[in-house]
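Undergrad: I would like to see how this sequence folds:
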Amino acid sequence: MNKNISTILGCNSDYQSSSVVVFGAPYDSTTSFRPGTRFASQFIRNESWGLETYSPYQNRDLTDYNVFDAGDLVLPFGNTVKALSLIESFTKEILNDKKIPLMIGGEHLVTYGAVKAVSDKYEDLHIVHFDAHADLRDTFMDEKLSHATVLRRCWELTGDNRIFQFGIRSGGKSEFLWGEEHVYTNKYNFSTLEEILNKIKNYPVYLTIDLDVLDPSVFPGTGTPEPGGVSFHELLNAVLLMKNINIVGCDINELSPHYDSSGVSTAVAAKILRELLLAIQ
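TA: The predicted structure is shown next:
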């Protein structure tokens, strides 16, 4: 692989030497309310150059690690199955080279493609999920593949007691009832996150961060804003806990930059990305 011409700050190492590979999955064809997440990776790349490579939160610097930015996948809008297949194949290539994939969505459905690849490699995979929405519907508008069904599809890969949700504050009644039987849900915040991470720290973990877990007052630039979310520092502290976890794949998704003309939402996403990159090294 050759690195993208425009790279995320501190992510310009060559592929062979890198332990983490970042790539964009600019897909939002099943978005049910406000589209625009397809532009997230481009905006994050640009905004990242307003940050420093050094994190005072972790006393780590991106320049001390090797991270490769592979750019954005070319995904066919209108063909969800093919788009997910391309994400899965690209993720498998990264995993086969013994590197950690970090995907930037895109709508949350892109997580399913990456998780399919990671679950093939790790049979005992566990998923940690930050989100405002449960995403546990079996179908949404008669569709199995949707950003509103993504964690249900992931559950079909992992089975019961392997998915741990945090920050959830929205979903249909049937989703919550189904979830009580099949997944662990910490509503509204991260109050039990450290306890859960201690229980699963010896397993391979996929972390998926839907940025609308943040309160819209912090992060208005998203397709389905849901009041009552966590603060920036609460999400930051949750990400920092990943330093002691066996993260084998991860993503951040659901930034729709055009809904926040101030650019603050993109800056928040870029900073969370920096901290996640450093935490999983």
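Undergrad: Where does pLDDT dip in this structure?
TA: 3-4, 32 (pLDDT under 70).
Undergrad: Report whether the expected contact of residue 228 with residue 187 is present.
TA: No: taking contacts as Cβ atoms under 8 Å, residue 228 lies outside contact range of residue 187: 9.9 Å. The C-beta positions use only the backbone N, C-alpha and C, and glycine is treated the same way.
Undergrad: Spit out the residues that contact these two alike.
TA: residue 169 (Cβ atoms under 8 Å, 6 or more residues apart in numbering).
Undergrad: Could you pull up the residues touching the spatially closest residue to residue 138 that is not a sequence neighbour?
TA: With sequence-adjacent residues excluded and distances taken as Cβ to Cβ, 6 or more residues apart in numbering, residue 138 is closest to residue 152, at 5.6 Å. Residue 152 sits next to 135, 136, 137, 138 when contact means Cβ under 8 Å, 6+ apart.
Undergrad: residues near the third one, how many?
TA: The local packing of residue 137 (other Cβ atoms under 10 Å) involves 21 other residues.
Undergrad: wait, what's in contact with it?
TA: 146, 148, 149, 152, 171, 172, 174, 175.
Undergrad: What's the ChimeraX line that selects buried ones from these?
TA: Provided next is the ChimeraX selection string for whichever of the contacts of residue 137 are buried by 16 or more other Cβ atoms under 10 Å:
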select :146,148,149,152,171,175
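Undergrad: and of the contacts of residue 137, the nearest to residue 246?
TA: residue 152 (24.6 Å; Cβ to Cβ).
Undergrad: which stretch of helix or strand covers the closest one?
TA: Per DSSP states H and E, residue 152 falls inside helix 150-158.
Undergrad: Show me which residues of that helix are buried.
TA: 150, 151, 152, 153, 154, 155, 157, 158.
Undergrad: I'd like the next helix or strand past that helix.
TA: Next element after helix 150-158 (DSSP H and E): strand 163-168.
Undergrad: List the contacts of that following strand.
TA: By Cβ under 8 Å, 6+ apart, strand 163-168 touches 126-134, 151, 154-155, 179, 182-190, 192-193, 196, 200, 213, 229-230, 238.
Undergrad: That strand - which strands sit beside it in the sheet, and in what orientation?
TA: strand 126-130 (parallel), strand 184-187 (parallel) (DSSP bridges).
Undergrad: And stretch 102-116, how far out from the chain middle?
TA: Relative to the chain's own centre, stretch 102-116 is displaced by 7 Å; criterion: Cα atoms, centre = their mean, to the nearest Å.
Undergrad: Over to stretch 135-149?
TA: 18 Å.
Undergrad: In contact with residue 228, which residues?
TA: Here residue 228 is in contact with 132, 169, 188, 215 (Cβ under 8 Å, 6+ apart).
Undergrad: Drop anything exposed from these.
TA: 132, 169, 215.
Undergrad: Next, the closest residue to the first one other than its chain neighbours: secondary structure please.
TA: Nearest in space to residue 132, with sequence neighbours left out and distances taken as Cβ to Cβ, 6+ apart, is residue 226 at 3.9 Å. Local secondary structure at residue 226 is given as coil here, using DSSP: H, G, I helix; E, B strand; the rest coil.
Undergrad: residues near residue 226, how many?
TA: Per other Cβ under 10 Å, the neighbour tally for residue 226 reads 19.
Undergrad: same deal with residue 63?
TA: 13.
Undergrad: still on that earlier bit, find out how far the helix holding residue 152 is from the centre of the chain, if you would.
TA: With Cα atoms, centre = their mean as the basis, helix 150-158 stands 15 Å off its chain's centre.
Undergrad: same thing with stretch 248-264?
TA: So, by Cα atoms, centre = their mean, the centroid of stretch 248-264 is 10 Å from its chain's centroid.
Undergrad: buried ones in that stretch?
TA: So, applying 16+ other Cβ under 10 Å, buried residues of stretch 248-264: 248, 249, 250, 251, 252, 253, 254, 255, 256, 257, 259, 260.
Undergrad: What residues does the fourth one make contact with?
TA: Spelled out, that is residue 251. 25, 102, 103, 104, 105, 110, 111, 114, 207, 208, 209.
Undergrad: how about a cut-off of 6 Å?
TA: Residues in contact with residue 251, defined by Cβ atoms under 6 Å, 6 or more residues apart in numbering, are 103, 111, 208.
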